[in-house]
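Engineer: Pasted the sequence and its predicted model underneath.
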Amino acid sequence: MTLSLRHYALLAILAFLLALPGRISLPPLDRDEPRYMQATAQMLSSGNFIDIRFQDQPRYLQPAGIYWLEAGAVKATEAITGNPGLRHASWPYRIPSLIASTLSILLTAWIGTRLFSRKTGLLSACLLLVAPLFAAESRMATIDSVLLLDVLCLQALLLLHFEDMRAGRPTPCRSSLAYWCALGAGLMLKGPIILIPALGTLAALCCCQRSIALLRQLRSGWGWLLSLAITLPWCLGIALVSHGDFFRHAVGHNLLGKITHAQETHGFPPGYYLMLFLPAFWPGALSAVRSLPTLWQKRMEPQILFLLCWIVPHWFVFECLATKLPHYVLPTYPAIAILTAASLTCWTISPLKSLWSRLAISLYAFLWGLAGLTFCLAGPILLYRMEGHVSADALLPACGSLPLFLLAGWLVWKRRWRDSLSCSIGAALLTEAGIFLCVIPHLTSIQLSPRIAHSFEQMRPCHDSVLISPSYREPSLVFLTGGTARLLPPRQAAHSLHDHARCDLALVDQKDDTIFQQELARLGTGSILYDQFEGLNYSNGHRLHLRLYAVSTESLP
């Protein structure tokens, strides 16, 4: 039984609406997001859609696909609204992630329904929708939501070929064309990384079946040429423009470097993603772990085998990498959600016979409860600890989600797993909406960049004023000031302010203030305090006391 068009329409509306809270009001959420935004803004301003740059530095990490999508979204919103200033707002750059996350929910439901049942498809879509890792990534203008959609397209098309191969019938050529086009699109998004979920699943299925019939079903003899044709024009263009630097940096440093050593302090031992799974896939994590013994018994069933071949190679590769970030295993979460949903809707989970296995599940259920309690109360606690107060609107989601969570815990105690999961999904929906809509916008202490950018816009002496920032070097500051921020060391910042005294301003933290003022004095220049800001740099946890300076009028000739 398949889902009707009405089911997909309602699911799309639900996913779209649940992804909206906070999308417009949220400032750039981490360091990567404003880098994508600023590089895209510069692409639009310069008209150069091949060479990707962040200010004057090349950004040679992945191909240009995600920047093209974000540039298209910004141009479309500017055309619709008639407002050319939208390229300095955050939300237009997040439109590709919004659309991709909505479509990812629909594809998860489609795959789950095709493999098992209508109930499985709908429940798996809900499990993915409320997973905190998915909820966070779907709100950011980064590559991960779009990459997840591309992986889901690949796996859905591979599933069609897998089913046709088992039935002994040829797959329509259009499905093979779509598969290799999706692979080419993935190469334009993330380069060779897309080969891990794509070829990993394919290779695992061929090994498990001891046959390469699936390769022939995919028409791989010519299909890879189509993928290459999609990526080759841009590859040739960037090779000429960068004189080969893009491939040396993207492959040699970014890709191979992550395999051999930890980059940007993101190094963790194997097992990191297993430890992270409980909070990242809450509330479905408990049901997923509980289904493992039955899953092992059914591992050679075609539907189960397909999903395991999707999960295991991808997960194994990223557990082995030296550099680890939470979103690296996000493409496996739809398959995990489908297996979890199937365990609740299609299988009878056998009671655990071993004392140790029962103790392990009980311990995991206890940890699941702690994670859920923390999750439900996270908004008010975070707001109180960082701002010293709790607003009423931040308490409302917690007041709604906490009773649902407590009911879910009681249902776990009564072994009513499906009812418990339904209650905890409701708790997760309320909590996530509250965090993004009612809590994060009120965390003013971590929103230094928006406050500074607003003050700079109000106080800039000239239309082309530059903000010189020796202390606060966040990419979000560069984006929110329209790319005008210059990130210089304190002494160079003093020289730059001296040389452009009539127009520029300087932003200096108190730890660098003495060096900055001494260098200004040596140059015969005084300063005047325009504004000051206190807050937390959430990227590194450092407390900052920033001062916004201009050159004193007495110092001007």
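Structural biologist: That came through, no problem.
Engineer: any idea how far L305 lies from V312?
Structural biologist: 10 Å (CB to CB, to the nearest Å). The way it works is simple: take the backbone N, C-alpha and C, and place the C-beta from them, glycine included.
Engineer: In the chain, what residue spans correspond to strands?
Structural biologist: Along the chain, counting by DSSP state E, strands occupy 53-54, 57-58, 467-468, 505-509, 527-537, 542-551.
Engineer: Now tell me what touches the fifth one from outside.
Structural biologist: Meaning strand 527-537. The contact list for strand 527-537 (CB atoms under 8 Å, 6 or more residues apart in numbering) reads 386, 444-448, 451-452, 455, 459, 472, 474, 497, 505-506, 517, 520, 542-553.
Engineer: ChimeraX command for the buried members of those?
Structural biologist: Here is the ChimeraX command that selects the buried residues among the contacts of strand 527-537 (16 or more other CB atoms under 10 Å):
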select :386,445,446,447,448,451,452,455,472,474,497,505,506,517,520,544,546,547,548,549,550,551
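Engineer: any idea how this protein splits into domains?
Structural biologist: According to automatic domain parsing, the chain comprises the domains 5-345, 355-442, 446-555.
Engineer: Just the terminal-to-terminal distance for the first one.
Structural biologist: Between the opening and closing residues of domain 5-345 there is a gap of 22 Å (CA to CA, to the nearest Å).
Engineer: re earlier: and the strands of the chain as CSV, adding mean pLDDT?
Structural biologist: Formatted as CSV, the strands of the chain follow (pLDDT from 0 to 100):
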stretch, mean pLDDT
strand 53-54, 92
strand 57-58, 88
strand 467-468, 94
strand 505-509, 94
strand 527-537, 89
strand 542-551, 90
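Engineer: Save these as TSV, and put in distance to Q217 too.
Structural biologist: Output for the strands of the chain, formatted as TSV (distance: least, CB to CB, whole Å):
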stretch	distance to Q217
strand 53-54	42
strand 57-58	41
strand 467-468	57
strand 505-509	59
strand 527-537	52
strand 542-551	55
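Engineer: nearest to T81, of the ones you listed?
Structural biologist: Among those, strand 53-54 comes nearest to T81, with 26.1 Å by CB to CB.
Engineer: Direction included, what does that closest one pair against?
Structural biologist: strand 57-58 (antiparallel) (DSSP bridges).
Engineer: Am I right that A109 is in contact with S4?
Structural biologist: No: here A109 does not reach S4: they are 11.5 Å apart, not a contact under CB atoms under 8 Å.
Engineer: These two: which has the busier surroundings?
Structural biologist: A109 (30 against 10; other CB atoms under 10 Å).
Engineer: which ones are touching that one?
Structural biologist: 3, 7-8, 11, 121-122, 124-125.
Engineer: Next, the buried residues of the longest helix anywhere in the chain.
Structural biologist: Using DSSP state H, we find that the single longest helix of the chain is helix 355-387. Residues of helix 355-387 classed as buried: 361, 365, 368-369, 371-372, 375-376, 378-380, 382-383, 386-387 (neighbour count, 16+ other CB under 10 Å).
Engineer: now it and strand 527-537, what's the angle there?
Structural biologist: On the basis of axes from the mean of the first three to the mean of the last three CA atoms, to 10 degrees, helix 355-387 is oriented at 160 degrees to strand 527-537.
Engineer: Check which helices and strands helix 355-387 sits against.
Structural biologist: With contacts taken as 3 or more CB pairs under 8 Å, 6 or more residues apart in numbering; DSSP states H and E, helix 355-387 sits against helix 272-280, helix 284-290, helix 392-413, helix 417-434.
Engineer: pLDDT below threshold where in the stretch 1-150 of the chain?
Structural biologist: 1 (pLDDT under 70).
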